[in-house]
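Colleague: Coordinates for the following, if possible.
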Amino acid sequence: MLVKKSLNMSPTVNIGPILVYSFGLFCVLAYIAGSFLFWRKLKEEIAEELLIKLSFFVAVSATLGARIVPAVYAFALRPTFDMFVRAFIIGDLSFWGGFIGGMLPLYLWGRKDVKQLWDLLDPVGEIFLWVATIVSLGSMFAKLWVGKQTSFLGLGSHPVGLYLSLWCFLGIMIAFYVKKSYRGWIWYRSGKVGLVGLISFSWFFLGFLGIASLVEKQIYLGPFALDQILSLIVLLLLITLIWYRAGRKYKEFFLWLPRKALN
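Modeller: Numbering: from 1, shown residues only. Modelled structure (predicted):
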């Protein structure tokens, strides 16, 4: 699950008498940047107090989710309460637990109004790429993801955190281009909001799909890592949503695909 090594194994930085874990520092920077962008993009539509609360709940929920999934996995291997608590407090972190946990407060807040959810998707997608860029960079410095061995440029092992960080940063620029131009795209005939967010998340999971194959100590189902399978499922779901959001139907896709192949 691209489960990271324990934070206790991360490099540390001394700030006066305070001991700071490097990965934790990058997470704090990501939270500050994400909260600021959240406020900047939505301050005209959502009350400032509510934005602050949502940012806080997203951070807390993402942290709990990232901790709970490995703790449950540890409990399944050794079903004792002590093992669960120990794994939760000093254990590993799960990307999927953190991702679902972070998205959950936003969904619960906007679920009563579908239009509100779609309006929220564009800024959230962009912010997610910024947060992922910073956190992934932090994971590289903290050496929390162990990449497979490689002789490329004498690196020794793939710096998967750096790869993902650069991929997400490129996604930020793509999202900016999409936001400025998508209403003029012929194939996206509906012109509805939400496309920027869908493409932002699609870009991330496309990169995650490839980068997951470079990580050591994966859970495999046949020839594919579990991360790759989950990323592919999410990616296909996002592509389907983009197609429907464009105002198109399934049968149009199956008529368009053969024509595209012939041309």
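
Colleague: correct me, but Tyr182 touches Arg189?
Modeller: No: in this structure Tyr182 lies outside contact range of Arg189 using Cβ atoms under 8 Å: 11.1 Å. In this view, the C-beta of every residue, glycine as well, is placed from N, C-alpha and C.

Colleague: May I have the predicted confidence score for Lys43?
Modeller: According to the prediction, Lys43 has pLDDT 86.

Colleague: returning to what we had before: which one of Tyr182 and Arg189 has more residues nearby?
Modeller: More crowded of Tyr182 and Arg189, by other Cβ atoms under 10 Å: Tyr182, with 17 against 10.

Colleague: measure the residue nearest to the more buried one when sequence neighbours are not counted to Gly110 for me?
Modeller: What sits nearest to Tyr182 in space, not counting adjacent residues and going by Cβ to Cβ, 6 or more residues apart in numbering, is Leu195, at 5.2 Å. Distance from Leu195 to Gly110, counting by Cβ to Cβ, to the nearest Å: 17 Å.

Colleague: Looking at these two, which is more packed in?
Modeller: Legend: neighbour count by other Cβ under 10 Å for Leu195 and Gly110, higher for Leu195 (25 against 18).

Colleague: now the strands for the protein?
Modeller: With strands called from DSSP state E, the chain shows them at 12-15, 18-21, 149-150, 156-157, 220-221, 224-225.

Colleague: what's in contact with the fourth one?
Modeller: Same thing as strand 156-157. Strand 156-157 has contacts (Cβ atoms under 8 Å, 6 or more residues apart in numbering) with 146-150, 216.

Colleague: Repeat the analysis, applying 10 Å as the threshold.
Modeller: The contact list for strand 156-157, computed with Cβ atoms under 10 Å, 6 or more residues apart in numbering, reads 143, 145-150, 214-216.

Colleague: which among those gets closest to Ile229?
Modeller: Val215 (13.9 Å; Cβ to Cβ).

Colleague: Quickly list what the closest one is bridged to.
Modeller: Note on Val215: beta-bridge partners by DSSP bridges are Gly147.

Colleague: which residues pair with Ser157 across the strands?
Modeller: Beta-bridge pairing for Ser157 (DSSP bridges): Gln149.

Colleague: which residue sits closest to Leu170, ignoring its sequence neighbours?
Modeller: Leu170 sits nearest to Trp203 (Cβ to Cβ, 6+ apart), 8.0 Å away.

Colleague: Report the contact partners of that neighbour.
Modeller: 125, 129, 167-168, 170-172, 174-175, 178, 235, 238.

Colleague: Next, format those residues as TSV and append pLDDT.
Modeller: What follows is the contacts of Trp203, written out as TSV (pLDDT from 0 to 100):
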residue	pLDDT
Gly125	96
Leu129	97
Trp167	97
Cys168	97
Leu170	97
Gly171	97
Ile172	97
Ile174	97
Ala175	96
Val178	95
Leu235	96
Leu238	95
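
Colleague: re earlier: now the common contact residues for Tyr182 and Arg189.
Modeller: With Cβ under 10 Å, 6+ apart as the test, Tyr182 and Arg189 both reach Ala246.
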